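# Here is a sequence together with a model predicted from it:
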Amino acid sequence: MGKNPGKVDRIVLAYSGGLDTSVAVKWLQEEYSAEIVTLTLDVGQRDADLEAVREKALRLGAVEAICQDAKDEFFTHYVTPAIRANALYEGAYPVSTALTRPLISEHLVRAAHKFGAKAVSHGCTGKGNDQVRMDITIRSLDPDLRIVAPAREWSFGRTEEIEYARKKGIPIPVRIKSPYSTDENLWGRSVECGVLEQPDREPPADAYALTADPRKAPDEPEYLRLDFDKGVPVRLNGKAMGGVKLVQAVASVAGKHGVGRIDHIENRVVGLKSREIYECPAATVILAAHSDLEKYVLTRRERAFKETADREWTNLVYGGLWSEPLRGSLQGLCESLNGPVTGEVRVKLYKGHASVVGRSSANALYDIAMATYEKEKDIFDHASAVGFIDLWGLEARMASRVRSRKH
């Protein structure tokens, strides 16, 4: 099972209630001779039954079981900046899982301080991104805390882990042949393992849980109206609602239409390429609407510069560098540039696609009187285009003349 690393009086464990962290409770007790405090956060996962998780942790021998509803905190402090940054890692992944790791890490550190623990623990593996995200955040907040990651230390595989659970009387929430490893929160769901590890194979139907098969989705399109205030969605179809409820409502409707399925070859932080399957119906719709509204109200230079800031913010978050000062600076820039991003966007949902089909804003830089091709309504000075073209292409013409003389 592993080498005895010495006694630790108390460890705070990030606890989901699933197989890995349930086994970790017993394993940490035995290997580290420690009292275990578990920490469970509701970040929007559908099966979040905090009371059931708390009772299970206590049955397994935890001396304390902390359970908190963190959905509002997650939306306000993590999802909101991700929306403002149009966060799509490598143009595809809305960093849904990545956003929860610094939140969980911050709560782990707080719990360690509250309960006098000198160590914290998580269930991340040695080849994934989450270990990087959590370890860096924890060490940034308290470098004196010891970090214990059982999955990096124990030597057994999935089958041996389940046998260990049976021997120790740990309830097993999965079947041995369960093919997938999943993670879910308000912003999306990730799916790994099994046949999904073969990049040439189409994901089977049972890999999905939040989205309908687009072929079986409704034959009639459905339209959503999203209102943004300074880059944050605040109303759905004209109805004001808090961020958590709005995201959940968008996810339900978009998922029904098969929107939000992502099949992605991804560059992990540790240097591996991996095939990732995500379901992010709400994120897909909201990010598309937000990005479109930005194009409508920001200048060309604002938008172009912001694309660079967005990409770097997303890379830092994906790479576990939430505590990097540049992340905070870029986030402040994105928030500032979202000042005029207020307006309404209309999105069409149909057979797996989310298409922006309309937008309006009092801050729009679009002027129909300037853009129209109807002569009687056109106020654009066409004659000014000649001088503009002459100056716009001046340097290119000069370079062409000079260089043509050398050949």
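Okay, I see it. Numbering: from 1, shown residues only.
# CA atoms for contacts and neighbours, from now on please.
Noted.
# Next one: Asp49 from Ser96, what distance?
21 Å (Cα to Cα, to the nearest Å).
# Between those two, which has more neighbouring residues?
Neighbour count, other Cα atoms under 10 Å: between Asp49 and Ser96, Ser96 has more, with 26 against 12.
# Check for me that Thr320 belongs to a strand.
For the record, residue 320 is Gly, not Thr. No - Gly320: not assigned to a strand; according to DSSP: H, G, I helix; E, B strand; the rest coil it is coil.
# which residue sits closest to it, ignoring its sequence neighbours?
Arg133 (3.6 Å; Cα to Cα, 6 or more residues apart in numbering).
# For the strand or helix carrying the one you found, name the packing helices and strands.
Using DSSP states H and E, Arg133 sits in helix 130-141. Contact here means 3 or more Cα pairs under 8 Å, 6 or more residues apart in numbering; DSSP states H and E; on that basis helix 130-141 packs against helix 96-115.
# report the angle between the axes of the helix it packs on and helix 130-141?
If you take axes from the mean of the first three to the mean of the last three Cα atoms, to 10 degrees, helix 96-115 sits at 40 degrees to helix 130-141.
# Now do helix 96-115, average pLDDT.
Averaging pLDDT along helix 96-115 gives 98.
# and the next element down the chain from it?
Scanning onward from helix 96-115 (DSSP H and E), the first element met is strand 119-121.
# Counting by contacts, list what that next one packs against.
Strand 119-121 packs on strand 10-14, helix 96-115, strand 146-148, going by 3+ Cα pairs under 8 Å, 6+ apart.
# can you list contacts of that strand?
With contact meaning Cα atoms under 8 Å, 6 or more residues apart in numbering, strand 119-121 is reached by 8, 10-14, 108-109, 112, 145-150.
# again, but for stretch 123-133
By Cα under 8 Å, 6+ apart, stretch 123-133 touches 14, 20-21, 24, 98, 101-102, 149-152, 268-270, 318-322.
# the strands in the stretch 201-350 of the chain, which residues?
222-229, 232-236, 239-240, 261-267, 273-279, 343-350 (DSSP state E, counting those that start in this stretch).
# Please verify my assumption that Val195 contacts Pro203.
Yes - in terms of Cα atoms under 8 Å, Val195 counts as a neighbour of Pro203; the distance is 7.4 Å.
# Quick one, grab the pLDDT at Asn4.
In this model, Asn4 carries a pLDDT of 50.
# Distance check, the residue nearest to Glu35 when sequence neighbours are not counted against Arg275.
Excluding its sequence neighbours, the residue lying closest to Glu35 (Cα to Cα, 6+ apart) is Arg10, at 4.6 Å. As judged by Cα to Cα, Arg10 and Arg275 stand 37 Å apart.
# Over to Arg359?
35 Å.
# Check Leu28 too.
Counting by Cα to Cα, the gap from Leu28 to Arg275 is 31 Å.
# So if I had to pick from these two, which one is more boxed in?
Leu28 (22 against 19).
# Isn't Val148 up against His122?
Yes - the pair Val148 / His122 is scored as a contact, 6.9 Å apart, by Cα under 8 Å.
# Who has more neighbours out of the two?
His122 (26 against 20).
# Pull the contacting residues for the more buried one.
Listed by Cα under 8 Å, 6+ apart, the contact set of His122 reads Leu13, Ala14, Tyr15, Thr21, Val148, Ala149, Pro150.
# do that again at 6 Å, thanks
Applying Cα atoms under 6 Å, 6 or more residues apart in numbering to His122 gives the contacts Leu13, Ala14, Ala149.
# mind listing what Pro340 touches?
Lys230.
# switch the cut-off to 8 Å
Shown in contact with Pro340 (Cα under 8 Å, 6+ apart): Lys230, Gly231, Val297, Leu298, Asn363.
# what do you get for Val285?
With Cα under 8 Å, 6+ apart, Val285 has these contacts: Val250, Ala254, Val259, Gly260, Val347, Ala354.
# which ones are touching the third one?
If you count contacts by Cα under 8 Å, 6+ apart, Val259 has them with 211-212, 214, 280-281, 284-285, 349-354.
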